[in-house]
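Asks: whatever this is, show me its structure:
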Amino acid sequence: MIPLGRPVINEADVARHAGVPLATWRRHDAPAFREHVPGLLPDSRSLLYDLAQTEAYLAGRPIPALPEGEHPDDLLSAKETAAILGISTGTVQAYATQGYLSPGTTRYGTRLWARREVLDRRDNAPGRGKGGGRRAGEPQGPRTQHAYENDPRLAVAAQALTTAPAGTPKSRIATELADLHGHTPRTWERLLTTAAALHGPTDDDKA
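Replies: Got it, this is the predicted structure:
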């Protein structure tokens, strides 16, 4: 998590601030630095640090504490977002691609989402729970072509059909998707059936 309003820095820029090559910094200086300045996104491949804490460390000053608690505008990683939504990080990326989540923002190439957006998506998912359906008196929107229209899981199902070995039973693919992304195998079977109908039959369907 990147707390609200906190500028960040990656290891290449830390080395630049320290005035040494990145390889040298990682070999000689990084262990002590990481001991005193914790990474903000430990689950991310990009090691990011708080800029104010980094500058204090390099100047030999006391390292300021990060803000306590949670703020709606904190920035969350894909893993943190996935944990709140109860899905996998791969599904988070699919949701962002399909518009179920916004594209988010990036810091040093790492995609992040505001906590408020993630909590709103969790609490007000379309068609689920409070705020998910059409309110009384509101005009009904255009009819959907199928039950999973605009559902980002459909793209995941279509990709699974494309990459599965020829002849793989749909039930097996559905079970694997359920293990990876949550929801029931039966739900994924329906998604796979819909994806196959939209994109053409799979080898399993042809058999």
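
Asks: and Arg111, its phi and psi?
Replies: Note on Arg111: its backbone torsions stand at phi -80, psi 140 [degrees, to the nearest 10].

Asks: for it, which non-adjacent residue is spatially closest?
Replies: What sits nearest to Arg111 in space, not counting adjacent residues and going by Cβ to Cβ, 6 or more residues apart in numbering, is Gly104, at 4.8 Å. Bear in mind the C-beta positions are built from the backbone N, C-alpha and C, glycine included.

Asks: what residues are up against Ala82?
Replies: Ala82 is in contact with 88-89, 91-92, counting by Cβ atoms under 8 Å, 6 or more residues apart in numbering.

Asks: and Leu48, how many neighbours?
Replies: When neighbours are counted by other Cβ atoms under 10 Å, Leu48 registers 23.

Asks: where do the helices of this structure begin and end?
Replies: 11-18, 22-24, 30-36, 51-59, 78-85, 89-98, 115-123, 153-163, 170-181, 185-199, 203-206 (DSSP state H).

Asks: wait, which of those helices is closest to Tyr108?
Replies: In terms of Cβ to Cβ, the element of the helices of the chain nearest to Tyr108 is helix 11-18, at 8.4 Å.

Asks: now do the same contact list for the residue nearest to Arg111.
Replies: Counting by Cβ under 8 Å, 6+ apart, Gly104 makes contact with 96, 111-114.
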